[in-house]
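Novice: sequence and predicted model, in that order:
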Amino acid sequence: MATGAPDLFADAAPEPVAAAERVFRLEPAGDGIVHLVMDHPGRKVNVLDLAALRDLGRAVGELQQTPGLRGVVLRSGKPGSFIAGADIAAIGAITDRREVLGLIRQAHTAFNRLAALGCPTVAAIDGVCLGGGTELALACDSRIAAEEPRTQIGLPEILLGIFPGFGGSQRLPRLVGLATALDLILTGRALDARRAEKAGLIARAVPAAWLIENAHRRIAELARRPAKRRRDAFRPRGFAAWFIESTPFGRTIALSQAQSMVRARTGPHYPAPLAALEVIERTSGMPIEAGLEIEASRVADLVIGPVCKNLVRIFELSEEAKKAPVADPALRPRPIESLMLAGAGVMGGGIAELASRSGIRVRMRDVRPESLTRALQTARALIDERARRRRMPSRERDAQLARILPTLELDGTIRADFAMEAVVEDLDVKRRVFAELEVRLRPDAVLATNTSSLSVDALAVGLARPERLCGFHFFNPVHRMPLVEVVRGVRTSDETLVTAVAFARRLGKTPVVVRDAPGFVVNRILMPYLREAMSLVEEGFAIVDVDAAMRRFGMPMGPFEVVDEVGLDVAQKVSGVLSRAFPDRMSSSAAIDKLVAAGRLGRKNGRGFYRHRGRKREPDPAVRSLLGLHRRRRPPGPDALAERMVLAMINEAVFVLEQGVVEDAGKIDLAMIFGAGFPPFRGGLLRYADTVGLARVEARLSALRAEKGERFAPAAMLSRLVAEGKTFTAPIVVG
């Protein structure tokens, strides 16, 4: 299939590259073996950008001209890191399809030439090997990897709205078989060396110190094989593998099951998984060159599409949140090795498990033994679940649990580097806890609150050292939700902020720094959304229809499903705080008050807006009677209900930005995706507003204001941007 892009390596000499600018170098290693070493100048990790692909062509050309060449070892010149993948910034920036095709065909040509060398080639992988790095390794005859925790091998392109386009969709099934290839490509998960060996992705996992020695040994093993059998290939073991790999019916079943799984997980919103399945099915049995042409064409379509651009933007925002300084870069965070956690229960157990997983000693205190027991049960269940998934040895599980010390007393608080409360959402209760903690803490220890809505500045009243207090708001469930809102009060010091952000990053969370304000970011934006959902029910629309409308929009759960998961009592308290702060837009919900008074707390006691039986959720007709709702209306259209709820969120997000609660729109988009499950394919709440068009957003809010009241009055900042013809985020340009 012709793509219209030039083959930059065919029938032409490679462009000369200055030695100082070369990404790949050749190092003779004796006995006719040459190391092809990637060491990208000016980058901390190796990335396959345009310069790297061009230089790879030059280096492979030199290998083809090397006399007496008996083998090639592909390795990294950066210790502890192999190749991080393709240049994600470039993927996000390219908008011209022909340019994308040119880049992909450059990679195909260079990788094909490496694969066609007349001698054995082995990739020696130590450290991160993802995306294009894995695809380059797949172009080699064989692969070995260091069995170190830093080694992770995978193809995460699906998480960026594309699929492996540098040959991965063609070479991976030939190496590991269809079933394993589909799993790796469609999930984007990475494997450690041992799992990669079991999957057939690498030939051998070895200690890092012996990696190169084993690479040379592997070359010798391959050299003894006939040339046609030199490349590692899939060999079915067992009837099931043979059936899938060797019969058309078996492949059809495997692909059909994968398609059903993809549709169930992603619905119609993510085109990349279905495109990957289509390409793999279509190219089955084709020569690899023909398959690569089809791969290039489909990946190019995805790269220039809005889903890819949105997902790349979210990835870049996430990376910035994980790395960017939040104060003077010269300030160093204080090391955190021990955590004092005041307050047990489910949330406390989740926080304790997370911290202990990161090697931090946790002293978990509660005044009630039963709360400590529940917290330990929660932590143990999470540890066991993770151990089953990752096949952790029992000694690691026991060591992690041993780092959690339950206690009824505050003894040992002086040894804590970081103290956090996770008690009931009550200002006076939290102040009493802080008073007990502060007199026992070292002067340099950080004090944090896990409040979801209370003011950090109000909690600081009465503290001797208010500068060391910050908010550290986890989202439930702690082990799944990636966001932590790090809340800076007016007296929070830079040292406290830097230490808290570093602590969140160590825990594997994505921190977003927010200014102290009622509800912070996520809960504040969610409250008008939840209140509007309740208004729709009060107008006669069914709870299940309102929830279904938001799931169709792309939310993982509808608003009433969310409230049941969080707990109606928690929602009631947050609603009370925010309704007092913003009475024009967030009046408290009488419906939730009635349900809580009737003993309905959500999933935690099996009754809320729904009935809960284990993991199952069922509509509860009694709710409408309990709330005195008798009018019933059918939804006016598939998008009408969702529009009202989403517009309420957008407008509140503009108020948040206008009032300086966060620095920019990107922080809001990241927080809403990682903390509230806003659909990533839409790029974030304010990116979605830009996509709809700010003029249309303002017009619809104004129409709803006239119909429903002042709660829909457009934020002044929104009207100003419309008048100036500006947007919140850079517009997407689709080529």
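Specialist: Received, thanks.

Novice: Leu459 is in contact with Thr449, correct?
Specialist: Yes. In this structure, Thr449 is within contact of Leu459 by CB atoms under 8 Å, at 5.6 Å. (C-beta placed from N, C-alpha, C; glycine too.)

Novice: hey, where'd the strands end up in the stretch 151-300 of the chain?
Specialist: In the stretch 151-300 of the chain, the segments counted as strands under DSSP state E, counting those that start in this stretch are 152-154, 190-191, 204-206.

Novice: please identify the most buried of these.
Specialist: For the strands of the stretch 151-300 of the chain, ranked by mean neighbour count under the definition mean count of other CB atoms under 10 Å, the leader is strand 152-154 at a mean of 24.

Novice: partners of that one, with directions?
Specialist: strand 128-130 (parallel), strand 190-191 (antiparallel) (DSSP bridges).

Novice: make a markdown table from those and add distance to Arg361 to it.
Specialist: A markdown table is the format used below for these (distance: least, CB to CB, whole Å):
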| stretch | distance to Arg361 |
| --- | --- |
| strand 128-130 | 29 |
| strand 190-191 | 29 |
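
Novice: which one of the ones you listed lies nearest to Gly168?
Specialist: Among the strands paired with strand 152-154, the nearest to Gly168 by CB to CB is strand 128-130 (10.9 Å).

Novice: thinking again about what came up before, can you add mean pLDDT and distance to Tyr529 and give the strands paired with strand 152-154 back as a markdown table?
Specialist: Formatted as a markdown table, those follow (pLDDT from 0 to 100; distance: least, CB to CB, whole Å):
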| stretch | mean pLDDT | distance to Tyr529 |
| --- | --- | --- |
| strand 128-130 | 97 | 36 |
| strand 190-191 | 96 | 34 |
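
Novice: what about those, which gets the closest to Glu319?
Specialist: strand 128-130 (13.4 Å).

Novice: after the closest one, which helix or strand is next?
Specialist: helix 132-138 (DSSP states H and E).

Novice: kindly export that following helix (C-alpha atoms) in PDB.
Specialist: Coordinates of the C-alpha atoms in helix 132-138 are reproduced here as PDB (Å, rounded to 0.1, in the frame of the first residue of the first chain):
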ATOM      1  CA  GLY A 132       9.200   2.500  20.200                       C
ATOM      2  CA  GLY A 133      12.000   1.100  22.400                       C
ATOM      3  CA  THR A 134      10.300  -2.200  22.600                       C
ATOM      4  CA  GLU A 135       9.500  -2.100  18.900                       C
ATOM      5  CA  LEU A 136      13.200  -1.500  18.100                       C
ATOM      6  CA  ALA A 137      14.100  -4.500  20.400                       C
ATOM      7  CA  LEU A 138      11.500  -6.600  18.500                       C
END
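
Novice: and for it, what are the contacting residues?
Specialist: 46, 48, 56, 74, 82-86, 107, 111, 114, 123, 125, 129, 143, 153-155, 164, 166-168, 171-172, 175 (CB atoms under 8 Å, 6 or more residues apart in numbering).

Novice: ok, now how distant is the closest residue to Leu274 other than its chain neighbours from Ile244?
Specialist: Leaving aside its sequence neighbours, Leu274 sits nearest to Val262 (CB to CB, 6 or more residues apart in numbering; 6.0 Å). For Val262, the distance to Ile244 equals 17 Å [CB to CB, to the nearest Å].

Novice: over to Arg235?
Specialist: The separation that Arg235 has from Ile244, given CB to CB, amounts to 13 Å.

Novice: how about Arg480?
Specialist: 32 Å.

Novice: and what of Arg386?
Specialist: From Arg386 to Ile244 the distance is 30 Å (CB to CB).

Novice: check Arg551 too.
Specialist: 33 Å.

Novice: got it, and Cys470?
Specialist: Between Cys470 and Ile244 the computed distance is 53 Å (CB to CB).

Novice: ok, now Asp584?
Specialist: Distance of Asp584 to Ile244, given as CB to CB: 60 Å.

Novice: so for the two, which sits in the more crowded spot?
Specialist: A count of neighbours by other CB atoms under 10 Å puts Ile244 above the other of Asp584 and Ile244, at 20 against 10.

Novice: mind checking pLDDT for Pro120?
Specialist: Model confidence at Pro120, given as pLDDT, is 97.

Novice: that one contacts Ala215, doesn't it?
Specialist: No. Contact criterion CB under 8 Å: Pro120 and Ala215 do not qualify, at 10.1 Å.

Novice: shaky segments in this structure?
Specialist: 1-20, 731-735 (pLDDT under 70).

Novice: name the helices or strands packed onto the longest helix anywhere in it?
Specialist: For the chain, the helix that runs over the most residues, judged by DSSP state H, is helix 369-390. Using 3 or more CB pairs under 8 Å, 6 or more residues apart in numbering; DSSP states H and E as the contact test, the elements touching helix 369-390 are helix 345-357, helix 394-402, strand 404-407.

Novice: common neighbours of Thr449 and Leu459, please.
Specialist: Contacts common to Thr449 and Leu459, judged by CB under 8 Å, 6+ apart, are 430, 434, 469.

Novice: which of those tops the neighbour count?
Specialist: Leu469 (26 neighbours).

Novice: check contacts around that one.
Specialist: Contacts of Leu469 (CB under 8 Å, 6+ apart): 434, 447-449, 456, 459-460, 463, 489, 491-492, 496.

Novice: as JSON lines, those residues with distance to Ile202 would be great.
Specialist: Output for the contacts of Leu469, formatted as JSON lines (distance: CB to CB, whole Å):
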{"residue": "Phe434", "distance to Ile202": "52"}
{"residue": "Leu447", "distance to Ile202": "47"}
{"residue": "Ala448", "distance to Ile202": "43"}
{"residue": "Thr449", "distance to Ile202": "46"}
{"residue": "Val456", "distance to Ile202": "49"}
{"residue": "Leu459", "distance to Ile202": "52"}
{"residue": "Ala460", "distance to Ile202": "53"}
{"residue": "Leu463", "distance to Ile202": "54"}
{"residue": "Gly489", "distance to Ile202": "50"}
{"residue": "Arg491", "distance to Ile202": "53"}
{"residue": "Thr492", "distance to Ile202": "48"}
{"residue": "Thr496", "distance to Ile202": "45"}
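
Novice: of the residues you listed, select the buried ones using a ChimeraX command.
Specialist: The ChimeraX selection below is limited to those of those classed as buried (16 or more other CB atoms under 10 Å):
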select :434,447,448,449,456,459,460,463,489,491,492,496
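
Novice: just send the contacts of Leu469 back as a markdown table, with secondary structure and distance to Leu160 too.
Specialist: Converted to a markdown table, the contacts of Leu469 look like this (DSSP: H, G, I helix; E, B strand; the rest coil; distance: CB to CB, whole Å):
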| residue | secondary structure | distance to Leu160 |
| --- | --- | --- |
| Phe434 | helix | 43 |
| Leu447 | strand | 39 |
| Ala448 | strand | 33 |
| Thr449 | strand | 36 |
| Val456 | helix | 36 |
| Leu459 | helix | 40 |
| Ala460 | helix | 41 |
| Leu463 | coil | 44 |
| Gly489 | coil | 37 |
| Arg491 | coil | 41 |
| Thr492 | coil | 35 |
| Thr496 | helix | 35 |
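
Novice: so which of the contacts of Leu469 is the closest to Thr66?
Specialist: Thr496 (58.2 Å).

Novice: for that closest one, give me its contacts.
Specialist: Contacts of Thr496 by CB under 8 Å, 6+ apart are 446, 467-470.

Novice: switch the cut-off to 6 Å
Specialist: 446, 468, 470 (CB atoms under 6 Å, 6 or more residues apart in numbering).

Novice: out of those, the closest to Ala706 would be?
Specialist: Cys470 (42.3 Å).

Novice: what's near enough to touch that closest one?
Specialist: Counted by CB under 6 Å, 6+ apart, Cys470 has contacts 448, 487, 492, 496, 500.

Novice: please apply the same query to Gly471.
Specialist: So, once contact is read as CB under 6 Å, 6+ apart, Gly471 ends up touching 449, 456, 487.

Novice: just checking, the second one touches Arg491?
Specialist: No. Contact criterion CB atoms under 6 Å: Val456 and Arg491 do not qualify, at 9.0 Å.

Novice: and Arg388, how many residues sit next to it?
Specialist: When neighbours are counted by other CB under 10 Å, Arg388 comes out with 10.
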